[in-house]
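Peer 1: sequence plus the predicted model coming up.
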Amino acid sequence: MTIFIRHYGAVIKEWITILVPAMVGGMRPPGSPQRLEVRRRRAIALLRSGETYQKVARAVKASVSSVVRWNQAYRTSGKMGLSTKPIPGRPPRLTSAQTSTLTKLLVAGAKQAGYAKDLWTLRRVAGQRERQVFKQHV
């Protein structure tokens, strides 16, 4: 999201371009863990070619502090320091195949699943999920 403020020019535009996505979507940038790792590796390659932290940060669309942190991790642990970390928390209850099947069912609509009204409620979705898991265990 870029907002251009005419009175303050390009400097403000650059700050807003950097800050607004972080404020709107949280701290983690969009992209798969693998894409983000490629981004970190690209930043290190640029640093090793002699670019400054500021230029690298601009090139990979990251903050300077992130580039510094990636460089420290690289110097400490090599390429392993740039690798993706496992996501903490409870593992998903549904497999990716189950999630895909449930998503297709939900997109098709509640009427297609046998309900009178084309409205998904939490109870209906949970029921479909339970039926799907039960089907796979039988």
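Peer 2: Received the coordinates, thanks. Numbers count the residues shown, from 1 in each chain.
Peer 1: quick one: the helices in this structure?
Peer 2: Listed in chain order, the helices of the chain (DSSP state H) span residues 10-25, 33-48, 53-60, 64-77, 96-108, 122-137.
Peer 1: which strands and helices sit next to the fourth one?
Peer 2: If contacts are counted by 3 or more C-beta pairs under 8 Å, 6 or more residues apart in numbering; DSSP states H and E, helix 64-77 sits against helix 33-48, helix 53-60. Every C-beta, even on glycine, is put in place using the N, C-alpha and C of the backbone.
Peer 1: can you give me how far the last one is from the chain middle?
Peer 2: Read that as helix 53-60. 20 Å (C-alpha atoms, centre = their mean, to the nearest Å).
Peer 1: buried ones in stretch 47-64?
Peer 2: 47, 51, 53, 56-57, 60, 62 (16 or more other C-beta atoms under 10 Å).
Peer 1: farthest pair in those residues?
Peer 2: Glu51 and Ala62 (12.9 Å; C-beta to C-beta).
Peer 1: follow-up on the earlier one: turn the helices of the chain into JSON lines, columns for mean pLDDT.
Peer 2: Shown next, in JSON lines, are those (pLDDT from 0 to 100):
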{"stretch": "helix 10-25", "mean pLDDT": "46"}
{"stretch": "helix 33-48", "mean pLDDT": "94"}
{"stretch": "helix 53-60", "mean pLDDT": "96"}
{"stretch": "helix 64-77", "mean pLDDT": "96"}
{"stretch": "helix 96-108", "mean pLDDT": "86"}
{"stretch": "helix 122-137", "mean pLDDT": "78"}
